[in-house]
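predicted model follows, preceded by the sequence.
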Amino acid sequence: MDHFWMPFTANRAFKAAPRIIERAEGMWLYSDDGRKILDATGGLWCVNAGHGRQKIADAIAQQAMKLDYSSPFNLGHDIGFEFAERLVKYTPENLNRVFFTNSGSEAVESALKIALAYQNARGKKGKYRFIGREKAYHGVNFGGISVGGLTYNRKGFGPLLPVDHLPHTLDLKRNAFSKGLPEQGIERADELENLLQFHDPDSIAAVIVEPVSGAGGVILPPIGYLKKLRELCTKHDVLLIFDEVITGWGRLGASFASNRFEVEPDMITSAKGITNGTVPLGAVFVRDEICDTVINAGAEGAIEFFHGYTYSAHPIACAAGLATMDIYDEEGLLERASGEIGDYWQSSLHSLNGEPGIVDVRNYGLIGAVQFAAPDGSLVGSKIMQRCYEKGMSVRAVGDIIAFSPPLTIEKAHIDQIVETLSSIAREMFAR
């Protein structure tokens, strides 16, 4: 096991006691020691349609035999254009251009560069700064960690891009155990006005936020908060980018949080559920006018945007994505979280209110978090994550927060298992 340097992993600890997954099907992971483990995080926030979908596997195999690869530089292939045309059926009205990447990190990096290219193309070269948000996760490339707000992802890698950060919106004092979007906190959007005035709006290229922060601890936007950000960006001629790598593709009960919350950004970054996690692929959905401005500013016959990837719009990834969209449409998965199963998810998670050690439960659609606090102040998230695995459930720990993003195919019995497992662990670890 020495040769694989594992990402975001305590490598020495893992290799001393490895957890190896051999196969997966539906809601379940199967370990090398024969255990059946409920996947309560949809892989890594990405397996929205459940594991082992035959339709996707068949599409991948067929495409590999038809056209396994073709350069995206100065050559095209039908399936790339077909997939782009299919995808914009799910985006907000004015976001009809697609720039393909290989991951969410690359989608963020591309969106930041598109923002700068757009400002330059329209003669606004002084707009070079970005505004992100505390506790935000925007991938791990240099642009992403610059606008991101997670300290451990940033420190040791500077200097970074010229960025300032909005305050996060997590407020346990006023909003603990909120069902759905919290009622308190819209005023935190007003800090954007302060930052814009401090730096001068004419120096700001774009603001980037996750509609719901995922890796920062499943932090929900207060009611009206995102609309206020949109208003301020429009007022000051600043682009608004929504990082929907996690919130896209049905997680909140619509194709995108932008649609669910009725707030149209200028760009959306996407990945993960776009192919159900089967083949790496990301995308930036771009407002038409932004794309047209950049392209029309270039000289005739010249490259307009010096950016891209060897595997942009990879044919096999596009085939996986098209099959994934078919499943979402055929099974109504993009809206499922806004219906009965989403209501059951909410009521079941909030039944944990009052269990020892639990200080907050928050949810929206089929995303959720349960936050713990140890009496001595020590971090317990990793211990709870390990106990969950031992009890047959895979979860994600963020500090003292246990995060959930199960496949959208989840049923009530699976939700019951999640709640019962957490309840038993809370009583084991914190009951006096």
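Arrived safely.

please enumerate the helices of the stretch 101-250 of the chain.
Assigned by DSSP state H, counting those that start in this stretch, the helices in the stretch 101-250 of the chain fall at 104-121, 142-147, 151-154, 172-175, 190-199, 225-235.

same question, the stretch 251-400 of the chain
Per DSSP H, counting those that start in this stretch, the stretch 251-400 of the chain carries helices over the ranges 257-261, 288-297, 315-331, 333-336, 340-350, 381-390.

so where is this protein shaky, pLDDT-wise?
Low-confidence segments of the chain, defined by pLDDT under 70, are absent.

pick out the residue nearest the middle of it.
For the chain, residue 246 is the residue whose C-alpha lies nearest the centre (CA atoms, centre = their mean; 2.1 Å).

out of the helices of the stretch 251-400 of the chain, nearest to residue 274?
Minimum separation from residue 274 across the helices of the stretch 251-400 of the chain (CB to CB) falls at helix 315-331, 5.6 Å. Using the backbone N, CA and C atoms, a C-beta is placed for each residue, glycine as well.

next, the buried residues of the closest one.
By neighbour count on 16 or more other CB atoms under 10 Å, the buried set for helix 315-331 is 315-328.

out of those, which comes closest to residue 397?
Comparing these against residue 397 with CB to CB places residue 324 closest, at 27.7 Å.

mind listing what the closest one touches?
Residue 324 is in contact with 49, 53, 56, 273, 274, 275, 276, 278, counting by CB atoms under 8 Å, 6 or more residues apart in numbering.

mind listing what the second one touches?
Contacts for residue 53 were tallied using CB under 8 Å, 6+ apart; they are 276, 278, 323, 324, 327.

same thing with the fourth one?
Applying CB under 8 Å, 6+ apart, one finds that residue 273 lies in contact with 42, 45, 46, 47, 48, 49, 248, 249, 250, 251, 324.

wait, the second one sits on residue 248?
No - if you go by CB atoms under 8 Å, residue 45 and residue 248 don't touch, sitting 10.0 Å apart.

who's more crowded, those two?
Neighbour count, other CB atoms under 10 Å: between residue 45 and residue 248, residue 248 has more, with 31 against 23.

any idea how far residue 292 is from the more buried one?
Residue 248 sits 24 Å away from residue 292, going by CB to CB, to the nearest Å.

quick one on the thing from earlier: in this structure the residue nearest to the centre of the chain contacts residue 218, no?
No - Residue 246 is not in contact with residue 218 according to CB under 8 Å; the separation is 9.2 Å.

need the residues touching each of those two.
Common neighbours of residue 246 and residue 218, using CB under 8 Å, 6+ apart, are 212, 367.

care to break this protein down by domain?
Split into domains by automatic domain parsing, the chain comes to 11-53+335-430, 57-332.
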